[in-house]
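Q: below is the sequence, then the predicted model.
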2 protein chains.
Amino acid sequence: MSPSPLVKASTLIELNAVIVAMANGKPCLLTASDLALPSGPFETGHRTLEQGLRSWARVKAQQTLGYVEQLYTFADRDRDRTAREQRAVSIGYLALVYQAPHNMDDHWSSWYLHFPWEDHRDGVPTLTTKIIIPALTAWKNAAPDAAAKRERHERIAIAFPANPRHWNEELVLQRYELLWEAGLVSEAGKKKNNLGLAMPFDHRRIVATAMARLRAKIKYRPVVFELMPPAFTLLQLQNTVEALAGLRLHKQNFRRLVEAQGLVEETGAITSGASGRPAKLFAFRRKVLQERAAVGTKLPRTS
Amino acid sequence: MSPSPLVKASTLIELNAVIVAMANGKPCLLTASDLALPSGPFETGHRTLEQGLRSWARVKAQQTLGYVEQLYTFADRDRDRTAREQRAVSIGYLALVYQAPHNMDDHWSSWYLHFPWEDHRDGVPTLTTKIIIPALTAWKNAAPDAAAKRERHERIAIAFPANPRHWNEELVLQRYELLWEAGLVSEAGKKKNNLGLAMPFDHRRIVATAMARLRAKIKYRPVVFELMPPAFTLLQLQNTVEALAGLRLHKQNFRRLVEAQGLVEETGAITSGASGRPAKLFAFRRKVLQERAAVGTKLPRTS
DNA sequence: CCTATTTATACTCATATTGAGTATATTAGT
DNA sequence: ACTAATATACTCAATATGAGTATAAATAGG
């Protein structure tokens, strides 16, 4: 993360990549050994930001990025406490790769290690009911005045609803920031008062942004397939979506949805060996990337 | 756009704001007299990027920004042809304001002046059928090889579909980039070969990004109300949405949608003076900003 | 070989949402 | 009183969604 010799600026432009791959059925992040996200300076040799990211990922992480999407540009002054005067602008990216080759010093870190409260596949985690809700309630009651108290109450009710059916898996960033404000995820020195595995700097916030974006996007763009092998069963596909969303889905309706949208086509092959009836293998219909550039509107258009 | 004395960097961080307001029923952009977007340097005194934008807008444009959203960070090398070595990173923002006070040297420029092909409220514009489609077809036929030709064909079919019912109003950026590649919207010196009103630098591309984002967002977040007066009729609301989307909507169903979602509440007042039955005046129900943080999922969840 | 277990896939059905209208109400102008 | 213009209410078919039940095709254990 040393500044490029070409950028002798007091303003450093840094690219941060949230590189996601599935490993053992878990969504994982590529990190350094200190759990920092891969990041590097933007060099003037690159034509565009995305090209800078791609070429840097190829060299440094030996990764050829498939799907890449810009997330957000952060430039808060207190972003990086270790570098007071050297202000960095950080441009976050989300990248999806299929089965990354394992380097020695690469770490693939399951994202639920850092966000254990985000996995609702087996119902509401005990962590949430036993620790988070009581702590947040205490924080709410410690509000300076009634208005602040009401506002905190609202935010808690939305982020961690009492009724599990109202759980909104997209609110990853809101939840992280709520926990941060309540002092429950301090990344800094003190090891106490930290839920989930901390990450250096504000990297966990960047990951939260990435998770939120990805969870939103799988609903209306066929991006899951970037994480899938060339051929897969519908159950494998469903398991991947469930792992990303942190939710359990209705099997029959999931299959109906996928088929109705024409996202996949049979390869002709079937699985074997496992217990139970063998499943058909499907492949992603790449054509939909064009067809479904047009997605459904929600406005009541006239014809 | 002169560099701030505080940022003595070879990398200049520039904020560009697409500030949108409705004027005479038209969505308009705040521009300088040369049609450039308001833009200014990011100063180290500001705590966050958004704060930098807000304080700068307050001083320079005498605008208090309501809704603000980060759009995209551009850093292409050939972004600004006038400044070869001075590479600028530009962070684009979308801001919505209600009834901006008119300054002398502010210009409010209707966005359809710059994007005449984006307005489908009166059907497909003649410009599209008479000029754009023929020109794009010629460009397609001039493709170097068959594969490129097929790819261009696909892109044209999606961006400017033959069947007007397949028009997707969200693809503003794709259309702009398609027209750019086909040489139909060159912003540079030559005045020929330019559809719509050009803007300096890459500002028209930034506006295209903003339009696309806004058109997508009005469908699932109540952002239109940022552009509305405190009380309005449902027709006024519909006209605003139609103007933004560039589409004609079904009146009865629009009203059903708005009411079913609980977005508005009656003020008790009604209009008078105009011809026809007087309309009830409504106000935005601010509560929904909290309630509807939870929006509908598209995944087939189990309960 | 028979049976239980496991997974895959097909089909059903009530309810909700959407698209495209028709019908009625309330004003201003003549 | 009648007409034009707009607002609002209601209808109805077509789809989409949520929550199942039913059936098919494999393996594993006796």
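A: Happy to help now that I have it.

Q: can you name the residues of the stretch 201-303 of chain A that neighbour DNA strand D?
A: For the stretch 201-303 of chain A, the residues in contact with DNA strand D under the definition CB under 7 Å from any atom of the strand are A:250, A:252-253, A:256-257, A:260, A:272-278. From N, CA and C alone the C-beta is placed, and that goes for glycine too.

Q: what's near enough to touch A:R152?
A: With contacts defined as CB atoms under 8 Å, 6 or more residues apart in numbering or on different chains, the neighbours of A:R152 are A:L136, A:W139, A:K140, A:A143.

Q: show me where chain A has helices.
A: For chain A, the helices identified by DSSP state H occupy A:49-60, A:111-114, A:126, A:133-141, A:146-159, A:172-181, A:203-217, A:234-245, A:251-260, A:288-291, in order along the chain.

Q: how about low-confidence regions in the stretch 1-150 of chain A?
A: Confidence mapping of the stretch 1-150 of chain A against pLDDT under 70 gives the ranges A:1-11, A:43-45, A:76-87, A:100-105.

Q: what residues does it have near DNA strand C?
A: Going by CB under 7 Å from any atom of the strand, none of the residues of the stretch 1-150 of chain A are near DNA strand C.

Q: sorry, back to before: just the buried members of the contacts of A:R152?
A: Burial by neighbour count, 16 or more other CB atoms under 10 Å in any protein chain shown: within the contacts of A:R152 this picks out A:L136, A:W139, A:K140.

Q: and the strands in the stretch 1-150 of chain A?
A: For the stretch 1-150 of chain A, strands defined by DSSP state E, counting those that start in this stretch occupy the ranges A:11-23, A:26-31, A:39-41, A:67-74, A:87-96, A:107-110.

Q: can you put these in CSV and add distance to chain B and mean neighbour count?
A: As requested, the strands of the stretch 1-150 of chain A are exported to CSV (distance: least, CB to the nearest CB, whole Å; neighbours: other CB atoms under 10 Å in any protein chain shown):
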stretch, distance to chain B, mean neighbour count
strand A:11-23, 5, 23
strand A:26-31, 15, 20
strand A:39-41, 10, 21
strand A:67-74, 4, 19
strand A:87-96, 5, 23
strand A:107-110, 21, 17
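
Q: quick one, which of these is nearest to B:H166?
A: When the strands of the stretch 1-150 of chain A are compared for distance to B:H166 using CB to CB, the nearest one is strand A:67-74, at 25.2 Å.

Q: now the angle from that closest one to strand A:11-23?
A: On the basis of axes from the mean of the first three to the mean of the last three CA atoms, to 10 degrees, strand A:67-74 is oriented at 140 degrees to strand A:11-23.

Q: could you list every helix and strand in contact with strand A:67-74?
A: Applying 3 or more CB pairs under 8 Å, 6 or more residues apart in numbering or on different chains; DSSP states H and E, one finds that strand A:67-74 makes contact with helix A:49-60, strand A:87-96, helix A:203-217, strand B:67-74.

Q: domain-wise, how is chain A divided?
A: Chain A breaks down into these domains under automatic domain parsing: A:11-111, A:120-195, A:228-291.

Q: out of those domains, deepest packed?
A: domain A:11-111 (a mean of 18; mean count of other CB atoms under 10 Å in any protein chain shown).

Q: now that domain, how far from the centre of its chain.
A: Distance of domain A:11-111 from its chain centroid, counting by CA atoms, centre = their mean, to the nearest Å, is 13 Å.

Q: quick one on the thing from earlier: can I get the residues of the stretch 201-303 of chain A next to DNA strand D in JSON lines including pLDDT?
A: Converted to JSON lines, those look like this (pLDDT from 0 to 100):
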{"residue": "A:H250", "pLDDT": "97"}
{"residue": "A:Q252", "pLDDT": "97"}
{"residue": "A:N253", "pLDDT": "97"}
{"residue": "A:R256", "pLDDT": "96"}
{"residue": "A:L257", "pLDDT": "95"}
{"residue": "A:A260", "pLDDT": "93"}
{"residue": "A:S272", "pLDDT": "88"}
{"residue": "A:G273", "pLDDT": "84"}
{"residue": "A:A274", "pLDDT": "84"}
{"residue": "A:S275", "pLDDT": "87"}
{"residue": "A:G276", "pLDDT": "89"}
{"residue": "A:R277", "pLDDT": "93"}
{"residue": "A:P278", "pLDDT": "96"}
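
Q: pull the most distant pair out of these.
A: A:A260 and A:G273 (29.8 Å).

Q: residue of the stretch 101-250 of chain A nearest DNA strand C, please.
A: Using CB to the nearest atom of the strand, the closest approach of the stretch 101-250 of chain A to DNA strand C is made by A:L235 at 3.6 Å.

Q: who's in contact with A:Q236?
A: In this structure, A:Q236 makes contact with A:M228, judged by CB under 8 Å, 6+ apart.

Q: err, A:A216, not the other one
A: Remark: with contacts taken as CB under 8 Å, 6+ apart, A:A216 is in contact with A:E170.

Q: and it, what pLDDT?
A: At A:A216, the model reports a pLDDT of 94.

Q: quick check: it vs B:A75, distance?
A: As for A:A216, its distance to B:A75 is 25 Å (criterion: CB to CB, to the nearest Å).

Q: for A:R221, same thing?
A: In terms of CB to CB, A:R221 sits 25 Å off from B:A75.

Q: can you check A:T73 too?
A: Per CB to CB, A:T73 is found 10 Å from B:A75.

Q: name the residue closest to the centre of chain A, please.
A: The residue lying closest to the centre of chain A (CA atoms, centre = their mean) is A:M211, at 2.1 Å.

Q: doesn't A:W117 make contact with that residue?
A: No - the criterion here is CB atoms under 8 Å, and A:M211 misses it with A:W117 at 11.8 Å.

Q: surely A:A159 touches A:L171?
A: Yes - look at A:A159 against A:L171 with CB under 8 Å: they come within range, at 5.7 Å.

Q: go through the strands of the stretch 1-150 of chain A and name the closest to A:V288.
A: strand A:67-74 (14.5 Å).

Q: where does the prediction get shaky in the stretch 201-303 of chain A?
A: A:292-296.

Q: what about the closest residue to A:V97 other than its chain neighbours, distance to DNA strand C?
A: Leaving aside its sequence neighbours, A:V97 sits nearest to A:A21 (CB to CB, 6 or more residues apart in numbering or on different chains; 4.9 Å). A:A21 sits 22 Å away from DNA strand C when distances are taken as CB to the nearest atom of the strand, to the nearest Å.

Q: any idea how far A:A21 is from DNA strand D?
A: The separation that A:A21 has from DNA strand D, given CB to the nearest atom of the strand, amounts to 28 Å.

Q: check contacts around that residue.
A: When contacts are taken as CB under 8 Å, 6+ apart, A:A21 is in contact with A:P27, A:C28, A:L30, A:L96, A:V97, A:Y98, A:Q99, A:A100, A:W108, A:L227.
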